[in-house]
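>>> structure here, sequence nowhere to be found:
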């Protein structure tokens, strides 16, 4: 009897071992398959992102002009940044642009998303909203540069026809940054609206039905239910848009090139000028490292303060 029980226990142990070996071999096979698919993206990340980042940080600690050999100077470039008035000007200009761009873009995108949900489900309309986003930044900047031109721009002709004075949108110190913010809001608001609209589709209808039974108005439901439930989506959108706005370059390069009088000299354009225009590649790399640190801190703060990993639906 004992021998029979022992034999049965041994047989069960063998079966469990076989199943475990089968799962292990299957897991290894899936891992190999996953690595094959991940490999191209991983190689691209290492070559085009990680390696340039590490090399850029190294250059930030050197004096380098692209033609000679890098000379190690430690943190002298970063000490110089703190005393550079043009850096602080560029940072202030960039912050002004980001506040205008993100503020208007987010509000308009949420309004468009609500209109799409409440008034129409047209796929054609959603596609039309994406059209400006499909245009490259350079083309969009050139298009509005011509439309807003002081002499021949269509917008100024309409303004003059209305009996008002022309506006030098890109040449006036007051209007230059708001104009650039408007151009980028126009280009990105449709794409941002679709992201918000996708987030709104994840909110169950029974939530609104229960609120309607309790007598909640559309306005009250929007403020007390829709926006709080959209918090994770809005947090993700803000991180993406704020990071992208701090890196604005092509709109400035095509239109004002930092003018008039440094009014539109944003951080990315200042980095480009120092590194490639003046040959101070080490100092330009230090500026890029500072911008990277600023964006990392801002992203972490946004995710923390907006509680991006939490959802009120849970």
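Thanks, I have the structure now. Quick caveat: nothing in here was measured; it's all calculated off a predicted structure. Residues are numbered from 1 along each chain as shown.

>>> low-scoring pLDDT stretches of this protein, where are they?
Low-confidence segments of the chain, defined by pLDDT under 70: 1-27, 120-121, 308-309, 311-314.

>>> one more time with 90, if that's ok
Counting by pLDDT under 90, the chain contains low-confidence ranges at 1-36, 65-68, 114-131, 134, 198-199, 201-233, 259-261, 302-314.

>>> center of it - which residue?
Centroid-nearest residue in the chain, with Cα atoms, centre = their mean: residue 240, separated by 2.5 Å.

>>> and the contacts of the helix or strand where it lies?
Here residue 240 is covered by helix 231-246, with elements defined by DSSP states H and E. Residues from elsewhere that reach helix 231-246 (Cβ atoms under 8 Å, 6 or more residues apart in numbering): 94, 97-98, 101-102, 105-106, 109, 184, 188, 192, 195-196, 198-199, 202, 227, 267-268, 291, 294-295, 298-299, 302-303, 306-312. Every residue, glycine included, has its C-beta placed from N, CA and C.

>>> so what's the gap between that helix and the chain middle?
6 Å (Cα atoms, centre = their mean, to the nearest Å).

>>> the next helix or strand after that helix - contacts with which helices or strands?
Using DSSP H and E, the helix or strand that follows helix 231-246 in sequence is helix 250-254. Applying 3 or more Cβ pairs under 8 Å, 6 or more residues apart in numbering; DSSP states H and E, we find helix 250-254 packed against helix 137-147, helix 176-200, helix 267-272.

>>> so which of the ones you listed gets nearest residue 215?
helix 176-200 (22.1 Å; Cβ to Cβ).

>>> point out the other helices and strands that that closest one packs with.
Using 3+ Cβ pairs under 8 Å, 6+ apart, helix 176-200 sits against helix 85-118, helix 123-134, helix 137-147, helix 231-246, helix 250-254.

>>> that one vs helix 231-246, what angle?
Interaxial angle of helix 176-200 relative to helix 231-246 (axes from the mean of the first three to the mean of the last three Cα atoms, to 10 degrees): 150 degrees.

>>> got a list of contacts for the helix or strand just after helix 176-200?
Per DSSP H and E, the first helix or strand lying C-terminal to helix 176-200 is helix 205-213. For helix 205-213, contacts defined as Cβ under 8 Å, 6+ apart pick out 220-221, 225, 229.

>>> go again with 10 Å.
204, 216-218, 220-222, 224-226, 229, 312-313 (Cβ atoms under 10 Å, 6 or more residues apart in numbering).

>>> sorry, back to before: which of the contacts of helix 231-246 are buried?
Buried by 16 or more other Cβ atoms under 10 Å: 94, 97-98, 101-102, 105-106, 109, 184, 188, 192, 195-196, 199, 267-268, 291, 295, 298-299, 302-303, 306, 308, out of the contacts of helix 231-246.

>>> looking at the helices and strands packed on helix 176-200, spot the one closest to residue 283.
helix 85-118 (9.8 Å).

>>> quick one: buried residues of the closest one?
Within helix 85-118, judged by 16+ other Cβ under 10 Å, the buried ones are 87, 89-91, 93-94, 96-98, 100-102, 104-106, 108-110, 112-114, 116.

>>> distance to residue 60 added to the helices and strands packed on helix 176-200, as CSV?
Below are these laid out as CSV (distance: least, Cβ to Cβ, whole Å):
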stretch, distance to residue 60
helix 85-118, 14
helix 123-134, 33
helix 137-147, 27
helix 231-246, 18
helix 250-254, 23
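
>>> for residue 177, find the nearest of these.
Across the helices and strands packed on helix 176-200, closest to residue 177 is helix 85-118 (Cβ to Cβ), at 5.3 Å.

>>> other SSEs contacting that closest one?
Under the contact criterion of 3 or more Cβ pairs under 10 Å, 6 or more residues apart in numbering; DSSP states H and E, helix 85-118 touches helix 76-82, helix 123-134, helix 176-200, helix 231-246, helix 250-254, helix 267-272, helix 281-305.

>>> rewinding a little: drop anything exposed from the contacts of helix 205-213.
221-222, 225-226, 229.

>>> among the residues you listed, name the ones in strands.
Using DSSP state E, no member of the buried ones among the contacts of helix 205-213 sits in strands.

>>> tell me the one of these nearest residue 131?
residue 226 (26.4 Å).

>>> how much space between the closest one and residue 114?
Distance from residue 226 to residue 114, counting by Cβ to Cβ, to the nearest Å: 8 Å.
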